[in-house]
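Engineer: Whatever this is, show me its structure:
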Amino acid sequence: MGKIGVALTLAGTAALLPGCYPEAVACPAIGHIAGVSLRVAASYADQVVTLRLKACQDGTCTEKDLDLHPGAVAVDQACTPDGVCSATSSPDGTFVGFLELPALSESPLEATVSGTSPSGTALPSRMLTFTPKGDYPYGEQCGRVITAAVILDADGLKQG
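Structural biologist: Next up, the predicted model:
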């Protein structure tokens, strides 16, 4: 192989080297608020007017009346032939609320829910101890996100 062949081989190899190193991946500029999300099942939503959530973790408790909002699900609107896809939001009969916490870890969390019915009577108090979940929704390079969610229905409280 002549000098020109060696030069072309080296130039081709040098052009391929950047593909051997992982490129920096941009992380979304989305803030995460630590807390517990609560969903009232559609089958139980007509029994609920107000809810109060108390969450205790690592010796710290936070409690407040929840602002309940109608829940929704995403409904697929299909994709166009050129690959543009869309979805819309549709009410699903649930209620959702959120209790912000000063911090959230993957240690056990105790959630207690109380509230009132449409007639003004007290709903049964429900308690659940569960472990929040940690995940990397945007990849490991973007950091771990810890979430805590519960679902309230006629049978009680369960992890969501």
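
Engineer: CA only for contacts and neighbour counts going forward, please
Structural biologist: OK.

Engineer: Just name the shakiest helix or strand of this structure by mean pLDDT.
Structural biologist: helix 3-16 (a mean of 51; mean pLDDT, DSSP states H and E).

Engineer: can you map out the strands along the chain?
Structural biologist: All strands of the chain, identified by DSSP state E, fall at 35-40, 50-57, 60-65, 69-79, 85-100, 109-116, 126-130, 133-135, 145-153, 156-159.

Engineer: looking at those, which is buried most?
Structural biologist: Mean neighbours per residue, mean count of other CA atoms under 10 Å, is largest over these for strand 35-40, with a mean of 22.

Engineer: partners of that strand, with directions?
Structural biologist: Strand pairing for strand 35-40, determined by DSSP bridges: strand 85-100 (antiparallel), strand 145-153 (parallel).

Engineer: can you tell me which residues contact T112?
Structural biologist: L53, K54, A55, S125, R126, M127, L128 (CA atoms under 8 Å, 6 or more residues apart in numbering).

Engineer: A122 too?
Structural biologist: S114, G115, T116.

Engineer: before we move on, what about D65?
Structural biologist: Neighbouring residues of D65 by CA under 8 Å, 6+ apart: T50, L51, R52, L53.

Engineer: can you list these in TSV and add pLDDT and distance to V73?
Structural biologist: Shown next, in TSV, are these (pLDDT from 0 to 100; distance: CA to CA, whole Å):
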residue	pLDDT	distance to V73
T50	96	22
L51	97	22
R52	97	24
L53	97	23
